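*Asks:* I need the structure of the sequence given here:
(chains A and B)
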Amino acid sequence: MNLLLENKINSELCNIFQKLELDDKFAFVKVSDRADLSDFQCNGALALAKIMHKNPREIGTAIAAELEKCDFCESISVDGPGFINIKLKNDFIAQNTDAMADDARLGCGITENPHKVILDYGGPNVAKTMHVGHLRSGVIGESVSRIERFVGNDVTCDVHLGDWGTPMGMILSEIILQDGNLDKVSSYDIAQITEFYKQANIRCKEDDNARENARRITAKLQGGDEQYRRAWEHLRNESIKAIKANYEQLDVNFDLWWGESDAHEACGEIVKIAQAKGISEVDAGAQIIRLAESNKPKPPVIIVKSDGAFGYQLTDIATIKLRADDLHADEIVYFTDNRQSLHFEQIFEVVQKLGIAPDVKLQHIMFGTVNGADGKPFKTRDGGVMDLETLIEMSKDKVRQSLPKPDEVEGYGADEINKLTQQIAVAAIKFQDLKNTIASGYVFELDDFAKFEGKTGPYIQYAVARINSVLRKADANGLQTGKIILEAPEERALALKLAQVHNVVMRAHTDKEPSIIAEYTHSLAQVFSTFYNACPMMSAATPELAFSRLKLAKLTRDILKLMLYLLGIEAPEIMLKAENK
RNA sequence: GCGCUCUUAGCUCAGCAGGAUAGAGCAACAGCCUUCUAAGCUGUGGGUCGGGCGUUCGAAUCGCCCAGAGCGCGCCA
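*Replies:* You can find the predicted model right below:
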């Protein structure tokens, strides 16, 4: 089942190219850049002309002549230097749209080679408050996980908690310093724990002894010291509770809550493998693995530090082994900001040297940092980073102002209003992030996260809510949906936009790029809004036209909802509005 | 010093396996609610695509050079 208009044209073009003895790798169309001239364009004649040293218009004309014989084209022309412009018959588009509406997957296909993919995103740390810097990784990871599942892959998401490094020793030693021992640890809540960590951080920056002490305790913790281990478990559990609460708000989900600590045993194995293979060596008391010389500065990877503690890079390497052996990963994808690119280059190279995951595709998707107005990684005015909780609350406050008070609208009590507030606020935050391409960083404008007009999550939710409303009313009036008829230009434009959905999802999947879906979803909502304003549904001229338009609207609604789902955004049934204004 | 990522409208960003008139959103201005939710729609203005050179019939897109920004470079994670 392939409901993509482009593919039907492409296969026809392929036949024609072969018949004309042209290289069929150029036999494809794209959505036209000139909507005034065509629906689709093929630039193959231009590319071929260069290779064959022939006149592009001649080649184009020959292709166009063959294409004329197909039954789905309304008009074909060769324009400019040799663009082939193709305009489709309305019936053909309408038929395709009907088929999409009948399809359980709304015209979207699945991947050709389904496999097991592990997604590593989030990466929160024990005892650290989650801040806006954690937003991107979680939001992008969640969306990619939904896209990957939707196209048919077997997906496992791992939060990969930072729970095993020197910070653990830092906070334990800080508590001992202040309390004299660890007796009170089990009573501390997350607020107290993060406060200890903050103080430990400051102390270790200034005081060499404190740092040394922290390192010593880290090594003992990792060595299995009972007392430290018990205290650490409490810190870890409390942190996980707080982190889960944060992620739950954002609807960011994980299958596994593994941490660096879970790789501890495997770390020991890796050290042995490295020694046995003669890859590691001792340097200044530490065990290191040297990497191939290149024009880049590639420092060696320290697997065991001179104090006996495992380096953090080793835990990442060991985790890859676990994921390959126990989870049978075919592909592992990391989502972190670009500051870690060298780190991943290093560990991927080490993994290859060790031969511990030979058939696993390792990928680091790096994204730009969330920046402030000064272009540097975002900080609040007082120099701190804004925590995630505050950001979400600010957006919710703004949403609340635009909603009625509880019980002002029948059936909408405090619970319902709160849920709606949550859905809209989270949509605003997530879409604000996901509409940006992953690779480029973006400037964090606080105001934008509470903006609901224009290219925003709520704009799309609003489009869905309006369609829901029309469909409810149509249903109440006994109106059905029926065969799609395309007459008005707005109907035609909407149908053509809908037909792109498969390609959009596949591109987002192969590029691991949710912004492709975000971009499409916004433009689909736009095209729909234009249709909505120009083409009345319930009061259409004939019942057939009304049925057709209702069906277009329903399909649009379903696709918008699916796209929002793939972005990790909910679509409320109704968008309420406050009375004033 | 070396490397990575980047520089497109007043602002925030798309576009980049080379192609026709470089697109959105915000902001500005002018219109549209007795008809399906105005969180909407329609229209207007706004650009030497950081600069230069090169490859090409054709460059925002590819290559080289320069300038500017951010980040990274063995015992923090």
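
*Asks:* residues contacting the single nearest residue of the stretch 251-400 of chain A relative to RNA strand B?
*Replies:* Among the residues of the stretch 251-400 of chain A, residue A:284 lies nearest to RNA strand B; the distance is 2.9 Å by C-beta to the nearest atom of the strand. Placement of C-beta: from N, CA and C, glycine included. Shown in contact with residue A:284 (C-beta atoms under 8 Å, 6 or more residues apart in numbering): residue A:306.

*Asks:* how's chain A carved up into domains?
*Replies:* By the record's domain assignment, chain A is partitioned as A:5-88, A:116-367, A:388-567 (automatic domain parsing).

*Asks:* Rebuild those domains as a markdown table, extending it with mean pLDDT.
*Replies:* Supplementary listing: the domains of chain A in a markdown table, determined by pLDDT from 0 to 100:
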| stretch | mean pLDDT |
| --- | --- |
| domain A:5-88 | 90 |
| domain A:116-367 | 93 |
| domain A:388-567 | 93 |
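
*Asks:* Quick one: closest of those domains to residue A:377.
*Replies:* For the domains of chain A, the distance to residue A:377 is smallest for domain A:116-367, at 7.1 Å, taking C-beta to C-beta.

*Asks:* returning to what we had before: and the domains of chain A: which comes nearest residue A:375?
*Replies:* Residue A:375 lies closest to domain A:388-567 among the domains of chain A, at 7.4 Å (C-beta to C-beta).

*Asks:* Any idea how far apart the tips of that closest one sit?
*Replies:* With C-alpha to C-alpha, to the nearest Å applied, domain A:388-567 spans 19 Å between its terminal residues.

*Asks:* Spell out which residues of the stretch 351-500 of chain A are next to RNA strand B.
*Replies:* Residues of the stretch 351-500 of chain A found near RNA strand B, taking C-beta under 7 Å from any atom of the strand as the criterion, are A:368-369, A:371, A:373, A:375-377, A:399, A:402-403, A:424, A:435-437, A:439-443, A:445, A:448, A:451-456, A:458-459, A:462, A:465-466, A:468-470, A:473.

*Asks:* what sits against residue A:137?
*Replies:* With contact set as C-beta under 8 Å, 6+ apart, residue A:137 has these partners: A:121, A:122, A:123, A:335, A:336, A:337, A:367.

*Asks:* for those residues, which one is nearest residue A:156?
*Replies:* Within the contacts of residue A:137, distances to residue A:156 taken as C-beta to C-beta reach their minimum at residue A:121, with 11.8 Å.

*Asks:* phi, psi of that closest one?
*Replies:* The phi/psi pair for residue A:121 (degrees, to the nearest 10) reads phi -140, psi 170.

*Asks:* What degree of burial does it show, as a neighbour count?
*Replies:* 26 (other C-beta atoms under 10 Å).

*Asks:* That one: what's it in contact with?
*Replies:* A:137, A:138, A:140, A:141, A:142, A:144, A:157, A:159, A:160, A:334, A:335, A:336.

*Asks:* Looking at those residues, which are in helices?
*Replies:* For the contacts of residue A:121, membership in helices holds for A:137, A:138, A:140, A:141, A:142, A:144, with DSSP state H as the criterion.

*Asks:* can I get those in CSV with distance to residue A:385?
*Replies:* Below are those laid out as CSV (distance: C-beta to C-beta, whole Å):
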residue, distance to residue A:385
A:137, 14
A:138, 15
A:140, 19
A:141, 20
A:142, 21
A:144, 24
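
*Asks:* quick revisit: including distance to residue A:311, could the contacts of residue A:121 go into JSON lines?
*Replies:* Below are the contacts of residue A:121 laid out as JSON lines (distance: C-beta to C-beta, whole Å):
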{"residue": "A:137", "distance to residue A:311": "22"}
{"residue": "A:138", "distance to residue A:311": "26"}
{"residue": "A:140", "distance to residue A:311": "27"}
{"residue": "A:141", "distance to residue A:311": "25"}
{"residue": "A:142", "distance to residue A:311": "29"}
{"residue": "A:144", "distance to residue A:311": "28"}
{"residue": "A:157", "distance to residue A:311": "25"}
{"residue": "A:159", "distance to residue A:311": "21"}
{"residue": "A:160", "distance to residue A:311": "16"}
{"residue": "A:334", "distance to residue A:311": "17"}
{"residue": "A:335", "distance to residue A:311": "22"}
{"residue": "A:336", "distance to residue A:311": "17"}
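
*Asks:* so which of the residues you listed would you say is closest to RNA strand B?
*Replies:* Distances from RNA strand B to the contacts of residue A:121, taken by C-beta to the nearest atom of the strand, are shortest for residue A:336, at 8.8 Å.

*Asks:* surely the closest one meets residue A:133?
*Replies:* No: with the criterion set as C-beta atoms under 8 Å, residue A:336 and residue A:133 do not qualify as a contacting pair; they are 10.4 Å apart.

*Asks:* mind listing what the residue nearest the centre of chain A touches?
*Replies:* When chain A is reduced to its mean C-alpha position, the closest residue under C-alpha atoms, centre = their mean turns out to be residue A:140, at 3.0 Å. Residue A:140 makes contact with A:121, A:335, A:365, A:367, A:433, A:434, A:438, A:514 under the criterion C-beta under 8 Å, 6+ apart.

*Asks:* Now do the same contact list for the third one.
*Replies:* So the one you mean is residue A:365. Contact analysis of residue A:365 by C-beta under 8 Å, 6+ apart lists A:140, A:144, A:333, A:334, A:335, A:438, A:512.

*Asks:* Quick check: closest non-adjacent residue to residue A:127.
*Replies:* Using C-beta to C-beta, 6 or more residues apart in numbering and skipping residues adjacent in sequence, the residue nearest residue A:127 is residue A:197, 4.1 Å away.

*Asks:* distance of the one you found from RNA strand B?
*Replies:* Spatial separation of residue A:197 from RNA strand B under the definition C-beta to the nearest atom of the strand, to the nearest Å is 12 Å.

*Asks:* For that residue, give me its contacts.
*Replies:* A:127, A:128, A:167, A:170, A:171, A:174.

*Asks:* Please tell me how far it sits from residue A:369.
*Replies:* Distance check for residue A:197 against residue A:369: by C-beta to C-beta, to the nearest Å, it reads 22 Å.

*Asks:* What segments of the stretch 351-500 of chain A are helices?
*Replies:* Counting by DSSP state H, counting those that start in this stretch, the stretch 351-500 of chain A has helices at residues A:388-402, A:414-434, A:457-476, A:489-498.

*Asks:* mind listing what's buried in the longest one?
*Replies:* With burial defined by 16 or more other C-beta atoms under 10 Å, the residues of helix A:414-434 counted as buried are A:416-417, A:420-434.

*Asks:* wouldn't residue A:75 be in contact with residue A:87 here?
*Replies:* Yes: using C-beta under 8 Å as the test, residue A:75 is close enough to residue A:87 to be in contact (4.6 Å).

*Asks:* in the stretch 401-550 of chain A, what residue is nearest RNA strand B?
*Replies:* Shortest the stretch 401-550 of chain A-to-RNA strand B distance, computed as C-beta to the nearest atom of the strand: residue-wise this is residue A:454, at 2.1 Å.

*Asks:* Run through the residues that contact residue A:537.
*Replies:* Going by C-beta under 8 Å, 6+ apart, the list of residues near residue A:537 reads A:470, A:474, A:546, A:549, A:550, A:553.
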